[in-house]
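> This is a predicted model, with the sequence first.
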Amino acid sequence: MKLDAKAPSGPLEKKWEKHKFESKLVNPANKRKFDVIMVGTGLAGGSAAASLAELGYKVKCFCFQDSARRAHSIAAQGGINAAKNYQNDGDSVYRLFYDTIKGGDFRAREANVYRLAEVSANIIDQCVAQGVPFAREYGGQLANRSFGGAQVSRTFYARGQTGQQLLLGCYAALSRQIGLGNVKMFPRTEMLDLILIDGAARGIITRDLVTGRMEAHAADAIVLATGGYSNVFFLSTNAMGCNTTAIWRAHKRGAAFANPCYTQIHPTCIPASGDYQSKLTLMSESLRNDGRIWVPKKKGDTRAPRDIPEDERDFYLERKYPSFGNLAPRDIASRAAKEACDDGRGVGESKRGVYLDFADAIKRLGENVVRERYSNLFDMYEEITDENPYKVPMRIYPAPHYTMGGLWVDYNLMSNIPGLFVIGEANFSDHGANRLGASALMQGLADGYFILPYTISHYFATYKPQKASSDRAEFKQAETGIATRIKRLLEVKGKRTVDSFHRELGNLMWEGCGMARNAAGLKKNLEEIPTLREEYWRNVSILGKNEELNMSLEKALRVADFFELAELMCYDALERNESCGGHFREEYQTPEGEARRDDANYCYVSAWEYQGEGKPPSMHKEPLHFEFVHLAERSYK
Amino acid sequence: MRVTLHVWRQAHARAAGKMVKYQTPEISPDMSFLEMLDVVNEDLTIKGEDPIAFDHDCREGICGTCSLMINGIAHGPGRGKTTCQLYMRHFKNGDHIYVEPWRAKSFPVIKDLVVDRSAFDRIMAAGGFVSVNTGGAPDANAVPIPKDEAETAMDAAACIGCGACVASCKNASAMLFVAAKVSHLAHLPQGQPERQRRVRSMVLKMDEEGFGNCTNQYECEAVCPKEISVKFIAKLNQEYLRAAL
């Protein structure tokens, strides 16, 4: 497998400009001759589909939800970063670039990250032009807030619903193109396979979720914008439908899967309350601006929080990281919470929780100010837990939230399969081993609005793809393959539900490949996952038939793919004998319990190649070169 | 606790539907309403009975996918929340709960509690946007927008497109939905060039899709999970008159 990152040479700040100039163009009259398939309508897919259609390409767009407006980008609360320096606090493109590289624990490509920081400012301009109602100051200028891992205020927001407003912005742009007939939209439709013809991506097979009908779609390029795979853990902050199927199917067709073990565990989520829990709810990171995180100093302390005197509380983030305090980056804050609970100092019934306390903020600012800033989050918390956070501290615990890993892409956002592009959370490109808050929205929109439209034209201009007919044998074979898989699942007629398997898999992953990993746990998982998967195909119960709206079947197909991905994640975590960002191997830590990176041996992207059913995957390395940034210990002390 | 459910079951769009009674297994008051349905579905699956189909996704009140009439109220009891944010502690042991799909001609049932809301997407495609292509936008701070105007625009833009307004309206009117988008963009300078065209196209499409008219009952506002005010319907009427005259 050849992995050529295609990062342009030259000075950092000239790379993208040079690359754009050197990229070939397709003339306006010829653009309509090219068909593009877009899978997913979140910030990346929605913005890309709209932008490509505006340029004149013919776009077919698919989503499993009932409307393009419901993609999970909508749930992002806090904000979107951009190097605008509107606050005059010393921000710059270079600082955003540096913060992101450092935040990612020096495991991302310099050229990609710099480009992301560079186009960040255009995103805000574009969104405002679409009518996104960002928060403003009395003078009419845009407002900003600060977020974890940064010492400047560069985060733009729309109340606690930034993701929603940005997504509705690109949904509006997409709707306009649908109305104009430039995009054909297929809601409630799931991609189940990728079709390669002569080594290039030329089509997909989809299943209509209402009728069960399979359909073949041919195109000149395929773009996957299908989000992350945190639901491999069963409990995560992702929407119930988020899945790995599209990228996993592409992986099985030859696309390299990069850094699968890099998963982000978000520190501020509401702890699980029982076995029936179906998902975990995030409390925005912005709460850490005013809330103080603590646990009792004494183990097994069962006193009510207000009865524990100040000097018997351990404000562990403030103690360990005085310069960032409660705003330490996500991976660090999450791990510290886990340590406190492992030490027997966790709170709440399950003892897997820490306090996020607003008493000091209420004393300092008054309850009204706190209410003004966070009332929607406080209300949400009270509804879920039946506890009033104005009176008792919130209980929070980390939960899977985002996956930095994904399909490998080069600087053009193209995978190792020609014609297969991957954008947004579905690719691995910009966040290294840990993503900073408010950077996911930035990356999704950067990829869709400002990067893919340039790089895809270069592909069209150079490869001169021949349109494939969906009558070709490759399509028929793939359809038969899926039909057989569905039939097999429906014929098992076992005794356990899909959810019961998914829960058990999630538990294995959370214990063995979650916030902290070690070789023994990973090896144990590599034995237990195949056993559970084998039982799945022997004992799962799915009622109904294919030719109808069958939500158990939809889920069963997704869980089958999660099983295979889970194994790959464990292989990757086991192979990476270092700790970096969200990947914390217990064997590799400093005496103070911080992640110990090994730049001499592991400064690379691990890109995995599928080797066939039952065979271990093989790993390829893309070395990371740091020309502009000095590799340093990532300290937030 | 245990409750008795009466659920609308309908195999597909053309099938006749009926209410079916289910006794839940033991459930916890800390479960969300949808988690209770998950438990019922697990139980049904094990018994070999077809699980109840219902729409849901983010389960945190923002995607707008979930959609149930619970005891005749869109999204169930309590103000300003979606079905997925409703918790079982608001019910009592032994309660009978009636669960039905959104009821409106323009939202045909697909199966059980799942309906087709694509009419909303078609209204949006008719004009719910600012016609601006990617690239070439001026600096975001070039046009200052008064805070109050931006806040009002945001109040309207908070709509999640769930359709509760339509489901609770005796006329199955989509005017709160359309009003939210029209008002959002009418309050911003970026929405001005297409202000008249937008309201005309969206209202025309709304009528074509078979939604009814507003007769000022305010049921929509009462059930809106984002508590969008009916004052925006007045704004819609004003905008429409201005554009049509």
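It's in. Model, not experiment: these values are computed from the prediction.

> Let me know the secondary structure of residue 78.
Because you didn't say which chain, this covers chain A. What DSSP: H, G, I helix; E, B strand; the rest coil gives for A:Gly78 is coil.

> Please work out how many residues are found near it.
A count of neighbours around A:Gly78, defined by other Cβ atoms under 10 Å in any protein chain shown, yields 23. Just so you know, the C-beta spots here come from the backbone N, C-alpha and C atoms, and that holds for glycine as well.

> Ok, the one 4 residues further on next?
Residues near A:Ala82, counting by other Cβ under 10 Å, number 30.

> now do the one 3 residues further on
Counted with other Cβ under 10 Å, residues neighbouring A:Asn85 total 18.

> Which residues are in contact with the closest residue to it other than its chain neighbours?
Beyond its immediate neighbours in the sequence, the residue positioned closest to A:Asn85 (Cβ to Cβ, 6 or more residues apart in numbering or on different chains) is A:Asp91, lying 4.2 Å away. Applying Cβ atoms under 8 Å, 6 or more residues apart in numbering or on different chains, we find A:Asp91 in contact with A:83-85, A:152-154.

> switch the cut-off to 7 Å
With Cβ atoms under 7 Å, 6 or more residues apart in numbering or on different chains as the criterion, the residues that contact A:Asp91 are A:83, A:85, A:152, A:154.

> quick one: which of these is nearest to chain B?
When the contacts of A:Asp91 are compared for distance to chain B, the smallest value, 11.2 Å, is given by A:Asn85; criterion: Cβ to the nearest Cβ.

> what kind of secondary structure is that closest one in?
Using three-state DSSP as the criterion, the local structure at A:Asn85 reads coil.

> That one and B:Asp139, how far apart?
Applying Cβ to Cβ, to the nearest Å, one obtains 12 Å for the distance of A:Asn85 from B:Asp139.

> Tell me which stretches of the stretch 1-150 of chain A form strands.
When assigned using DSSP state E, counting those that start in this stretch, the strands of the stretch 1-150 of chain A occupy the ranges A:35-39, A:58-62, A:80-81.

> so which of the ones you listed is the most packed in?
Most buried of those by mean neighbour count (mean count of other Cβ atoms under 10 Å in any protein chain shown) is strand A:80-81; its value is a mean of 30.

> which secondary structure element contains A:Lys605?
Just so we're on the same page, residue A:605 is Val rather than Lys. Under the criterion of DSSP states H and E, A:Val605 resides in strand A:604-609.

> Against which helices or strands is that strand packed?
With contacts defined as 3 or more Cβ pairs under 7 Å, 6 or more residues apart in numbering or on different chains; DSSP states H and E, strand A:604-609 has these neighbours: strand A:257-258, helix A:551-575, strand A:618-623.

> Would you mind identifying the next helix or strand past the second one?
Pointing back at helix A:551-575 there. Using DSSP H and E, the helix or strand that directly follows helix A:551-575 along the chain is helix A:599-602.

> can you list the residues that contact that following helix?
Helix A:599-602 has contacts (Cβ under 7 Å, 6+ apart) with A:576, A:578, A:631.

> Please pick the buried ones from those residues.
If you count burial by 16 or more other Cβ atoms under 10 Å in any protein chain shown, the buried members of those come out as A:576, A:578.

> neighbours around the residue lying closest to B:Tyr218 once chain neighbours are set aside, how many?
Taking Cβ to Cβ, 6+ apart, and ignoring the residues beside it in sequence, B:Tyr218 has B:Val230 as its nearest neighbour in space, at 5.3 Å. Under the neighbour criterion other Cβ under 10 Å, B:Val230 is assigned a count of 21.

> need the contact list for B:Val230.
Contacts here follow Cβ under 7 Å, 6+ apart; on that basis B:Val230 touches B:176, B:218, B:220-221.

> Equivalent analysis for B:Cys165, please.
For B:Cys165, the contacting residues are B:174, B:176-177, B:220, B:224, by Cβ under 7 Å, 6+ apart.

> Nearest to chain A among those?
When those are compared for distance to chain A (Cβ to the nearest Cβ), B:Phe177 comes out closest, at 11.9 Å.

> circling back to that earlier point, now the strand holding A:Val605 against helix A:551-575, angle please.
With axes from the mean of the first three to the mean of the last three Cα atoms, to 10 degrees defining the directions, strand A:604-609 sits at 130 degrees from helix A:551-575.

> List the strands paired with strand A:604-609, with their directions.
Using DSSP bridges, the neighbouring strands of strand A:604-609 in the sheet come out as strand A:257-258 (antiparallel), strand A:618-623 (antiparallel).

> how about these in JSON lines, adding mean pLDDT and mean neighbour count?
Rendered in JSON lines, the data for the strands paired with strand A:604-609 read as follows (pLDDT from 0 to 100; neighbours: other Cβ atoms under 10 Å in any protein chain shown):
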{"stretch": "strand A:257-258", "mean pLDDT": "98", "mean neighbour count": "27"}
{"stretch": "strand A:618-623", "mean pLDDT": "98", "mean neighbour count": "14"}
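
> That concludes my questions; thank you for your assistance.
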